[in-house]
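Peer 1: this one's structure only:
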């Protein structure tokens, strides 16, 4: 019997699983069975209870296959904790995004926000009107592809020569005084 094997575990849950297996007549999983190790630390077992049939197809017993799932449970707890942290971080990022978008929308001048790679992240309505392109069409696109620049002789300024590219490459602000 289960209680005679010398392992302190949830005998009642295992016995209930065995009864359920007899009743349902098919294999059943049984996870999260708490047991106590010899060092008094708690662990978890996972079982599969498989019915055994006699020659006339009646269930005559069960096989109990088990594994120590303590490490898996610890990993699941850690994954859940990290998922909750990630969800909270995403919530905070969404809140900040809304704040920045609100700030951007409140500015009367055309404003475009780009990431370190020069891709457009956000733009406000005045920028849409100035460029003749909608926010949804511009976001994710390279700034240089969306906005064409020319010098005072009406010649195209290539991406590497643009103030934004120089600022992104150097990490330092570029002013009109040190650009031209």
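Peer 2: That came through, no problem. Everything numeric here is computed off the predicted structure, so don't read it as measured data. Numbering: from 1, shown residues only.

Peer 1: From here on, just use CA atoms for contacts and neighbour counts.
Peer 2: OK.

Peer 1: Residue ranges in this structure under the pLDDT threshold?
Peer 2: 1-6, 176-180 (pLDDT under 70).

Peer 1: What is the longest strand of it by residue count?
Peer 2: Selection of the longest strand in the chain by residue count, based on DSSP state E, yields strand 42-53.

Peer 1: Give the pairing partners of that strand; include direction for each.
Peer 2: strand 28-36 (antiparallel), strand 59-68 (antiparallel) (DSSP bridges).

Peer 1: Which residues does the longest one contact?
Peer 2: With contact meaning Cα atoms under 8 Å, 6 or more residues apart in numbering, strand 59-68 is reached by 18, 22, 25, 43-54.

Peer 1: Please enumerate the helices of this protein.
Peer 2: Ranges of helices within the chain are 11-24, 70-106, 125-131, 135-138, 143-146, 163-170, 176-179, based on DSSP state H.

Peer 1: Those into a markdown table, with extra columns for mean neighbour count and distance to residue 112?
Peer 2: Output for these, formatted as a markdown table (neighbours: other Cα atoms under 10 Å; distance: least, Cα to Cα, whole Å):
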| stretch | mean neighbour count | distance to residue 112 |
| --- | --- | --- |
| helix 11-24 | 16 | 62 |
| helix 70-106 | 13 | 8 |
| helix 125-131 | 16 | 7 |
| helix 135-138 | 15 | 10 |
| helix 143-146 | 16 | 9 |
| helix 163-170 | 15 | 11 |
| helix 176-179 | 8 | 18 |
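
Peer 1: will you turn the ones you listed into CSV that also has distance to residue 152?
Peer 2: Formatted as CSV, the entries for those read as follows, by distance: least, Cα to Cα, whole Å:
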stretch, distance to residue 152
helix 11-24, 83
helix 70-106, 29
helix 125-131, 19
helix 135-138, 26
helix 143-146, 18
helix 163-170, 15
helix 176-179, 14
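
Peer 1: Would you mind saying which of the ones you listed lies nearest residue 116?
Peer 2: helix 163-170 (6.3 Å; Cα to Cα).

Peer 1: Other residues contacting the closest one?
Peer 2: Here helix 163-170 has contacts from 116, 117, 118, 159, 160, 173, 174, 179, using Cα under 8 Å, 6+ apart.

Peer 1: Which of those sits closest to residue 97?
Peer 2: Among those, and counting by Cα to Cα, the member closest to residue 97 is residue 116, at 16.7 Å.

Peer 1: What is the burial count for the closest one?
Peer 2: As a burial measure, residue 116 scores 11 neighbours (other Cα atoms under 10 Å).

Peer 1: All set now, cheers.
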